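K.L.:
whatever this is, show me its structure:
(one chain, ligands or ions: 2)
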Amino acid sequence: MKRILVTGGAGFIGSHLCERLLKDGNDVICLDNYFTGSKRNVVHLMDNHYFEVVRHDVTHPYFAEVDEIYNLACPASPVHYQYNPIKTVKTSVMGAINMLGLAKRVHAKVLQASTSEVYGDPFIHPQVESYWGNVNPVGIRSCYDEGKRCAETLFMDYHHQNNVRIKIIRIFNTYGPNMNLHDGRVVSNFIVQALKGEDITIFGDGMQTRSFQYVDDLVEGMVRMMNTPDDFCGPVNIGNPNEFTMLELAQTIIDLTGTSSKIIFHPLPQDDPKQRQPDISLANEQLNGWVPKVQLKEGVNKTIAYFDQLLKTLN
Ligand code: NAD
Ligand code: UDP
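P.N.:
Ligands and ions are numbered 1, 2, ... in the order given. Next up is the predicted model:
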């Protein structure tokens with residue numbers, strides 16, 4: 001049995017990861033400050049004696065004897081990471097330093113949840129790990145993008161300077177149950193709007209693209225990455241290469257919910273990337289043939305069922 005720390009464990013992805021790690025027979029500590037996460041996401045795990053929840057902020061040091069650390073703590077939706085940009089940078093950078101310091105002290109292996117945002121508004125398509133990206137250092141997305149880029153740097157430097165065993169994954173747009181009702185990212189926004197019969201808000205002309213991954217595929221990739229040999233650190237892209245425009249996504253959600261909602265257009269936010277698609281050859285090669293299995297309609301249907309239930313319990 002391994003003792004595993006998951007920072008951001010009460011968030012969308014973290015809660016699925018905690019559940020998976022417990023299912024695999026591990027002892028799991030879920031650490032969260034509940035900025036965007038919620039106890040509701042992990043309450044069903046609390047009867048398990050091998051599960052602990054700790055209210056803590058990763059910008060402060062934390063100590064526990066653990067074998068592995070998954071560092072997910074950081075708001076991920078533009079609405080939330082732009083709410084307090086200085087805090088977002090602190091969470092990424094100081095959170096990374098604190099978790100790397102802990103890993104160094106207790107000889108734990110540590111995985112960083114990095115992001116496709118390190119590629120910014122990319123000139124290379126699809127994005128390969130060797131591409132350095134096109135990121136605005138002084139824009140409204142910079143607190144997140146540059147915070148995550150600096151965290152990657154810290155991970156590599158702790159590895160080279162202090163021999164800390166590290167893993168870096170770059171996660172592409174992921175969705176699924178346990179997303180916050182007010183998350184603000186596109187899949188949950190469109191689904192909640194459709195279920196409430198409200199207008200579906202497309203930013204810009206809707207021709208920008210994203211490649212959407214269902215959360216179960218990501219969690220499988222994360223666990224496989226943690227278990228790779230120590231000499232493989234990444235970074236490695238984890239995402240679903242099937243690429244859609246926001247108009248296509250809106251139409252899919254309208255069809256699957258049968259809503260009478262209409263599409264409306266809002267201005268495109270500054271620095272919004274025009275296209276994004278992962279090249280997943282490296283993940284496929286290094287993570288035992290990993291490929292995403294859940295396609296958009298199946299994953300969106302599961303997410304619609306989740307929000308439908310959530311909205312009914314709140315009413
Ligand atoms: P989320 O907002 O649901 O989860 C983030 C969690 O971190 C929340 O529970 C939040 O309360 C917690 N948190 C935030 N600041 C904290 C702090 N200072 N101390 C302790 N806890 C803190 O978002 P998510 O989609 O589950 O993202 C999880 C991780 O994966 C993030 O690091 C994010 O950058 C990364 N990621 C996600 C996606 C995606 O599409 N979902 C894509 C790329 C990267
Ligand atoms: N978007 C949109 N309507 C919304 C929310 C987002 O059209 O209600 C767009 C957004 O401008 C972006 C895409 O959807 O082009 C994905 O946005 P999200 O915030 O989900 O992720 P990110 O931009 O970080 O990839």
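K.L.:
which helices and strands sit right next to the helix or strand encompassing residue 195?
P.N.:
Secondary structure here is read from DSSP states H and E; on that basis residue 195 sits in helix 186-196. Counting contacts by 3 or more C-beta pairs under 8 Å, 6 or more residues apart in numbering; DSSP states H and E, the secondary-structure elements packed against helix 186-196 are strand 200-203, helix 246-257, helix 296-314. Every residue, glycine included, has its C-beta placed from N, CA and C.
K.L.:
let's see it at 6 Å
P.N.:
Other helices and strands packing on helix 186-196, by 3 or more C-beta pairs under 6 Å, 6 or more residues apart in numbering; DSSP states H and E, are helix 246-257, helix 296-314.
K.L.:
of the ones you listed, which is nearest residue 72?
P.N.:
helix 296-314 (19.2 Å; C-beta to C-beta).
K.L.:
elements contacting that closest one?
P.N.:
When contacts are defined as 3+ C-beta pairs under 6 Å, 6+ apart, helix 296-314 packs onto helix 186-196, helix 246-257.
K.L.:
look up how far residue 266 lies from the residue in the chain sticking out farthest from the centre.
P.N.:
Here the chain reaches farthest from its C-alpha mean at residue 260, the gap being 30.7 Å by C-alpha atoms, centre = their mean. In this structure, residue 260 and residue 266 are 20 Å apart, going by C-beta to C-beta, to the nearest Å.
K.L.:
try residue 153
P.N.:
Using C-beta to C-beta, one obtains 35 Å as the distance from residue 153 to residue 266.
K.L.:
list the contacts for the nearest residue to residue 176 once chain neighbours are set aside?
P.N.:
Closest residue to residue 176 in three dimensions, ignoring its sequence neighbours and counting by C-beta to C-beta, 6 or more residues apart in numbering: residue 215, at 3.4 Å. For residue 215, the residues meeting the contact criterion (C-beta atoms under 6 Å, 6 or more residues apart in numbering) are 16, 174, 176.
K.L.:
hmm, try it at 8 Å
P.N.:
Residue 215 makes contact with 12, 13, 16, 174, 175, 176, 177, 178 under the criterion C-beta atoms under 8 Å, 6 or more residues apart in numbering.
K.L.:
quick check, pLDDT for the last one.
P.N.:
The score at residue 178 is 97. That number is its pLDDT.
K.L.:
before we move on, what about the first one?
P.N.:
The predicted structure scores residue 12 at 98 on the pLDDT scale.
K.L.:
same deal with the third one?
P.N.:
Reported pLDDT at residue 16 in the predicted model: 98.
K.L.:
likewise the fifth one?
P.N.:
According to the model's per-residue confidence, residue 175 sits at a pLDDT of 98.
K.L.:
with adjacent residues omitted, what lies nearest to it?
P.N.:
Leaving aside its sequence neighbours, residue 175 is closest to residue 187 (3.8 Å, by C-beta to C-beta, 6+ apart).
K.L.:
how many other residues sit next to that neighbour?
P.N.:
Neighbour count of residue 187, defined by other C-beta atoms under 10 Å: 25.
K.L.:
wait, doesn't it sit right on residue 302?
P.N.:
No: Residue 187 is beyond contact range of residue 302, at 11.3 Å (criterion: C-beta atoms under 8 Å).
K.L.:
the helix holding residue 195 near ligand 2 at all?
P.N.:
Yes: looking at helix 186-196 against ligand 2 by C-beta under 6 Å from any ligand atom, the contacts come from 186, 189.
K.L.:
which positions within that helix qualify as buried?
P.N.:
Along helix 186-196, the positions that meet the burial threshold by neighbour count (16 or more other C-beta atoms under 10 Å) are 186, 187, 188, 189, 190, 191, 192, 193, 194, 195.
K.L.:
ok, and what's touching that helix?
P.N.:
When contacts are defined by C-beta under 8 Å, 6+ apart, helix 186-196 is touched by residues 173, 175, 179-181, 183, 198-201, 210, 212, 246, 249-250, 253-254, 257, 259, 261, 300, 303-304, 307-308, 311.
K.L.:
ChimeraX command to pick out the buried ones of the residues you listed?
P.N.:
One line in ChimeraX is enough to select the buried members of those, burial here meaning 16+ other C-beta under 10 Å:
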select :173,175,179,180,183,200,210,212,246,249,250,253,254,257,259,261,300,303,304,307
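K.L.:
and ligand 1, which of the contacts of helix 186-196 reach it?
P.N.:
When C-beta under 6 Å from any ligand atom is taken as the criterion, the members of the contacts of helix 186-196 that contact ligand 1 are 173, 180.
K.L.:
sorry, back to before: let's have the contacts of residue 215 in JSON lines, adding secondary structure and distance to residue 121.
P.N.:
As requested, the contacts of residue 215 are arranged in JSON lines below (DSSP: H, G, I helix; E, B strand; the rest coil; distance: C-beta to C-beta, whole Å):
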{"residue": "12", "secondary structure": "helix", "distance to residue 121": "24"}
{"residue": "13", "secondary structure": "helix", "distance to residue 121": "24"}
{"residue": "16", "secondary structure": "helix", "distance to residue 121": "29"}
{"residue": "174", "secondary structure": "strand", "distance to residue 121": "20"}
{"residue": "175", "secondary structure": "strand", "distance to residue 121": "21"}
{"residue": "176", "secondary structure": "coil", "distance to residue 121": "26"}
{"residue": "177", "secondary structure": "coil", "distance to residue 121": "30"}
{"residue": "178", "secondary structure": "coil", "distance to residue 121": "29"}
